[in-house]
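# sequence plus the predicted model coming up.
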Amino acid sequence: MQEPLVLLPGMMCDARLFAPQVAAFSPERAVTVAPVSGGERIEEIAASLLDALPHRFALAGLSMGGIVAMEILRRAPDRVSRIALMDTSPLAETPKTAADYEPAVIKLRAGRIDEAVPALLRPEALAPGPGRAAAMAELAAMAESLGPEAIIRQIRALQRRQDYQAVLRRCAVPALVLCGAEDRLTPVKRHAFLAELIPDARLSVIEGAGHLPTLEQPEAVIDALRPWLAQPLALRRRADA
């Protein structure tokens, strides 16, 4: 059996974000989609997940899930066999960007999830075309299932998150940095910078996708994840030598 794969979804998302990838990889390995709504700090979410996850695993996170993945790497580097960071950022929120979440919090407290979802992830952050509406509809359905209180907790965790640049510079496992070519929330330029932080990281840009490439271009994401999962653990061996 191959090493387990742990997938961490973004804010407002659940396992449906990775449905095509779970279907592709579950015949060959154990695949877990772990929630990222269990606390009001990234550190708290990561700590609770580590109590439940396998001893050692491949780790992939998208958006907020990528931030939680970086915290897991910081806390337990020996438990992460490889890491994939998708449509995410290693940077802490600025006071302005942290404050920008507050109008969505007001909508969520009023029970207006249908208004909060496009406020937190604007449709323009996804690639244009017929797939955009379908991806936004899936996002709205996931957010509705998660509920306003859980989403508010996620917002608080994001507002308080730390900078992970130093963590990534110390990364000693195979790393993939992946993003949608048309992601306007965390653009390609940001991911090129992220990949430069990690020794020997591979950068994969998914054409025809924005901030949710696992839904927008699922087969292209699967094709990018396969060589990452097959990559030898040479970096770990070199670091341990």
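Arrived safely, thanks for sending. Fair warning: this is a prediction, and the values are worked out from it, not measured in the lab.

# can you classify L178 by secondary structure?
Under the three-state scheme (DSSP: H, G, I helix; E, B strand; the rest coil), L178 adopts strand.

# could you do G111 as well?
Following three-state DSSP, G111 is assigned to coil.

# give the contact list for it.
Contact partners of G111, counting by CB atoms under 8 Å, 6 or more residues apart in numbering, are P148. C-betas here are computed from N, CA, C, even on glycine.

# how much space between the closest residue to A135 other than its chain neighbours and P148?
Distance criterion CB to CB, 6 or more residues apart in numbering; nearest residue to A135, sequence neighbours excluded, is L215 at 4.6 Å. Separation of L215 from P148 (CB to CB, to the nearest Å) stands at 22 Å.

# between those two, which one's more packed in?
Higher neighbour count among L215 and P148: L215, with 24 against 18, using other CB atoms under 10 Å.

# contacting residues around the more buried one?
Contact analysis of L215 by CB under 8 Å, 6+ apart lists 17, 20, 131, 134-135, 138.

# kindly recompute the last result at 10 Å.
By CB atoms under 10 Å, 6 or more residues apart in numbering, the contact set of L215 is 13, 16-20, 62, 126, 131, 134-136, 138-139, 209, 221.

# ChimeraX command for the buried members of the residues you listed?
Those of these that count as buried under 16 or more other CB atoms under 10 Å are selected in ChimeraX with:
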select :13,16,17,18,20,62,126,131,135,136,138,139,209,221
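
# among the contacts of L215, name the ones in helices.
19-20, 131, 134-136, 138-139, 221 (DSSP state H).

# which of those residues sits closest to R82?
Within these, the smallest distance to R82 is 15.7 Å, found for V221 (CB to CB).

# roughly how far does the closest one sit from C179?
From V221 to C179 the distance is 10 Å (CB to CB).

# same check, this time on R156
Here the criterion is CB to CB. By it, R156 lies 25 Å from C179.

# and what of P130?
Applying CB to CB, the value for P130 to C179 is 21 Å.

# so the two - more neighbours on which side?
Neighbour totals were compared for P130 and C179, and C179 leads with 29 against 6 (other CB under 10 Å).

# which of the helices or strands spans the closest residue to the more buried one other than its chain neighbours?
Computed as CB to CB, 6+ apart, the closest residue to C179 that is not its neighbour in sequence is H191, at 4.3 Å. H191 is part of helix 188-197, with elements assigned from DSSP states H and E.

# for the residue most central in space within the chain, what are its contacts?
For the chain, the residue nearest the mean C-alpha position is L62 (1.7 Å; CA atoms, centre = their mean). Counting by CB under 10 Å, 6+ apart, L62 touches 7-11, 13, 17-18, 36, 69, 84-88, 178-179, 211-215, 221.

# give me the element the residue nearest to A135 is part of.
With elements taken from DSSP H and E, the one containing L215 is helix 213-216.
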